[in-house]
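*Asks:* requesting a structural model of the entry that follows:
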Amino acid sequence: MARDYAERAQWSLKEADDALKNGKSAICVRRSQEALELAAKAVLRRLAIEYPHEHDVSDALDAAAERLPPYITGRLEELKAMLIELARVRGPAFYGYEVEEIPASEAFTFEYASGTLEKTRRLVQLCTRFAAE
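*Replies:* From the prediction side, this is the model:
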């Protein structure tokens, strides 16, 4: 299961990269969120930890911290912060901000999407490395 999650995380990351290259910032953000969620869940699966069936599993990572390798624990706060942030913008990246009538295609700048993708790429790499061990 962990390896499958890690593989799908890598695939979502490729989709995020393709979206960014094609000027689709919202899709890039959405796929980045999916990639990071799958990667974090791969870590938890690797440890046989049941996680909440939610998009933000940062609390479950806290509970697993003492069982994580140093290359993840050294970046755990960053990983948790990105999980929280991306879970927060997951809906707007798909639907936009409906009350404000801002479509998803206009809700995220290229700069935000690009920065999100780069941070996500580094964190997914750490998580997938652990899932493959």
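*Asks:* once you drop chain neighbours, what's closest to the residue nearest the centre of the chain?
*Replies:* The centroid of the chain falls nearest to residue 36 when counting by C-alpha atoms, centre = their mean (1.9 Å). Among residues not flanking residue 36 along the chain, residue 120 sits closest, at 5.1 Å (C-beta to C-beta, 6 or more residues apart in numbering). Where you see a C-beta, it was placed from the backbone N, CA and C, and this is true even at glycine.
*Asks:* ok, and what's touching the one helix or strand that neighbour maps to?
*Replies:* According to DSSP states H and E, residue 120 maps onto helix 110-132. Helix 110-132 is contacted by residues 2-3, 5-6, 9-10, 13, 16-17, 19-20, 23, 25-26, 28-29, 32-33, 35-36, 39-40, 42-43, 45-46, 68-69, 71-72, 75, 78-79, 82, 86 when judged by C-beta atoms under 8 Å, 6 or more residues apart in numbering.
*Asks:* quick one: buried ones out of those residues?
*Replies:* When neighbours are counted using 16 or more other C-beta atoms under 10 Å, the contacts of helix 110-132 contain these buried positions: 2, 5-6, 9-10, 13, 16-17, 19-20, 25-26, 28-29, 32-33, 35-36, 39-40, 42-43, 45-46, 68, 72, 75, 79, 82, 86.
*Asks:* how near is residue 16 to residue 133?
*Replies:* Counting by C-beta to C-beta, to the nearest Å, the gap from residue 16 to residue 133 is 24 Å.
*Asks:* with residue 78 instead?
*Replies:* Distance of residue 78 to residue 133, given as C-beta to C-beta: 20 Å.
*Asks:* pretty sure residue 68 contacts residue 44?
*Replies:* No - judged on C-beta atoms under 8 Å, residue 68 makes no contact with residue 44 at a distance of 10.1 Å.
*Asks:* quick check: what element follows the helix or strand bottoming out on mean pLDDT in the chain along the chain?
*Replies:* In the chain, no helix or strand scores lower on mean pLDDT, DSSP states H and E than helix 58-64, which sits at a mean of 92. Using DSSP H and E, the helix or strand that follows helix 58-64 in sequence is helix 70-73.
*Asks:* helices or strands up against that following helix?
*Replies:* Packing contacts for helix 70-73, counted by 3 or more C-beta pairs under 8 Å, 6 or more residues apart in numbering; DSSP states H and E, involve helix 110-132.
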